[in-house]
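Undergrad: Any chance you can model this:
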Amino acid sequence: MFSIAALVPSPPMLVPELCGRAPAPGADPGDPVVALRTAALDAATALAAVAERWTVLGVGERDGNFGPATTGTFRGFGADVVVGLGPAAVPPAPADVQLPLPVLVAGWLREQVAPTISIQARLLAADTTPAECLRAGAALRAELDADPAPHAVLVLADGAATLTLAAPGYLDDRAAPVQTALDTALRTGSRAGLAALDPALCAELVLDGRAAYQALGGLFAGDPADPRVRTLYQGAPYGVGYDVSVWHPCGQEGDGR
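TA: Take a look at the predicted model:
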């Protein structure tokens, strides 16, 4: 049964080795990278506390599925940090140097908070229509609800990358209001707000997570009310919108609605 979802972004800087420094206890909590990483780990820990079965949703160049035997490396991002979607096989599977970033980050989070579990990852093509995203999320919900064991969904998605002059996509004056509306929808669990994201505009604003955000809304499409959301982080420290949150279906035990 679907029990919980978490949303995290997928910037490589979540991995300490890619920032030129190893994990260090007592790191400055005011450092935006530390704050984002801490929130992402907290969200993944919330999943691990509820379910040992995880499905990852992300966005890629094309649709794709990745099983627990998948292994990849962050070598292309600056350090040969090898991660997998399941406990290491013996002999270990060769690390895929071209594994999509959302799958790599999902594997890294798994290894940090729940290294004994295995996860499945699904990518939606970046040009998937809103209706198809909604159907994908709803179909996944039905699939997970058919199993009595608790299931978690980890969504990897980034917001607009055009919020400042230093952003990867440079500054686009249209980005700030779109990101603000997205942040509000994510903070409140607004399914209508997520469904309203315009694919063409999001592509122009380098809002790469659009399809995953809309699939996240689809997970809750059949519920009588919007989900309860606990937001752990919202910000754009490097000109890219990042959101970290934990989502529960309405009416779930402990929901409070």
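
Undergrad: List the pairing partners of the helix or strand containing T55 within its sheet, with orientation.
TA: Assessed by DSSP states H and E, T55 sits inside strand 53-60. Here strand 53-60 is paired, per DSSP bridges, with strand 118-125 (parallel), strand 151-156 (parallel).

Undergrad: centre of the chain versus whatever helix or strand comes next after that strand, how much separation?
TA: Past strand 53-60, further along toward the C-terminus, the next helix or strand under DSSP H and E is strand 64-66. With CA atoms, centre = their mean, to the nearest Å as the basis, strand 64-66 stands 15 Å off its chain's centre.

Undergrad: Whatever helix or strand comes next after strand 64-66: which residues count as buried?
TA: Note on strand 64-66: by DSSP H and E, the next helix or strand toward the C-terminus is strand 71-73. Using 16 or more other CB atoms under 10 Å as the test for burial, strand 71-73 gives T71, G72, T73. Bear in mind the C-beta positions are built from the backbone N, C-alpha and C, glycine included.

Undergrad: Now the last one: closest residue in space that isn't a chain neighbour?
TA: What that stands for is T73. A95 (4.0 Å; CB to CB, 6 or more residues apart in numbering).

Undergrad: if I look at the spatially most central residue of the chain, how far off is G107?
TA: Most central in the chain under CA atoms, centre = their mean is L156, positioned 1.8 Å from the mean C-alpha point. L156 sits 11 Å away from G107, taking CB to CB, to the nearest Å as the criterion.

Undergrad: same question, V82
TA: 9 Å.

Undergrad: Compare those two and say which is more crowded by neighbours.
TA: G107 (27 against 20; other CB atoms under 10 Å).
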